[in-house]
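In: turn this into a structure:
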Amino acid sequence: MIHAFTAIDAWMIVAAVRWTLALSAVAFAGGAVGGLIIALLRSSHSRLAQTLAAGFIRLFQGTPLLMQLFLTYFGLRFVGLIVTAWVAASLALTLHASAFLGEIWRGCIDAVPPGQSEAAASLGLSYYHRMRRVVLPQASRIAVAPTVGFLVQLIKGTSLASIIGFVELMRAAQIVNNATYSPFKAYGLVSVMFFCVCWPISILARRMEARYATLTKA
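Out: Down below sits the predicted model:
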């Protein structure tokens, strides 16, 4: 039965933001680990490692996130692994984030002047210690702004998890809209919630980028 849009319906949508944030946090944390591995493989001297990492990036950057969610959720069930929407969405978004962060961070590693690594090698440092003590600390400063920018895209990308039944902001709005038939109020509130979450992060990314540009010129 259709009823009027009430404060209870609005609160149901607002409360769902915690699941959007939780999914974003899990995917970003997992993607950071995977992305670092992918970036290091892409920057290694092993042709096999570079090929495997490049293939992984092309696979997840070249296919829609919506399809990745479908394949993760229904694909795992097809092989006999029954997973919840939360697990499937977390896994799909983690792999998605790993590919994009891996490519972002690989570019940041390549942006470090080669002379830095060559100088470290001349001092007898191994590849591991060159990356850990010389290259990565410099690359991390370059990576801050694009990484935060990608986080904004990842948060907005969690809305696609509604397609497999995960109740985050978008799915909560769909449920409320089905009960109230008030799409403008339901989805308008979702837009406001996404804006309130993403806008401060976008501002932070721009300030970090400007700060890095100032330090570079100095």
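In: for Leu95, which non-adjacent residue is spatially closest?
Out: If the residues on either side of it in the chain are set aside, Leu95 comes closest to Phe60, at 5.9 Å by CB to CB, 6 or more residues apart in numbering. Using the backbone N, CA and C atoms, a C-beta is placed for each residue, glycine as well.
In: which pLDDT does the model give the one you found?
Out: At Phe60, the pLDDT value in this model is 95.
In: so which helix or strand takes in Asn178?
Out: Element membership for Asn178 (DSSP states H and E) is helix 169-180.
In: residues of the helix or strand following that helix that come out buried?
Out: Counting by DSSP H and E, the next helix or strand C-terminal to helix 169-180 is helix 183-217. Neighbour-count burial for helix 183-217, with 16 or more other CB atoms under 10 Å as criterion, is recorded at 185-187, 189-190, 193-194, 197, 204-205, 208.
In: picking up where we left off before, from the chain's centroid, how far away is the helix holding Asn178?
Out: Relative to the chain's own centre, helix 169-180 is displaced by 25 Å; criterion: CA atoms, centre = their mean, to the nearest Å.
In: re the thing from before, the residue nearest to Leu95 and His96 touch, don't they?
Out: Yes - with contact taken as CB atoms under 8 Å, Phe60 and His96 are classed as touching, separated by 5.5 Å.
In: so Asn177 is in contact with Phe184, correct?
Out: No - judged on CB under 8 Å, Asn177 makes no contact with Phe184 at a distance of 9.4 Å.
In: find the nearest non-adjacent residue to Leu93, please.
Out: In space, and not counting its chain neighbours, Leu93 is closest to Ala27: 3.5 Å by CB to CB, 6+ apart.
In: the one you found: neighbour count?
Out: Counted with other CB atoms under 10 Å, the neighbours of Ala27 add up to 26.
In: next up, the contacts around it.
Out: 90, 93-94, 96-97, 154, 158 (CB atoms under 8 Å, 6 or more residues apart in numbering).
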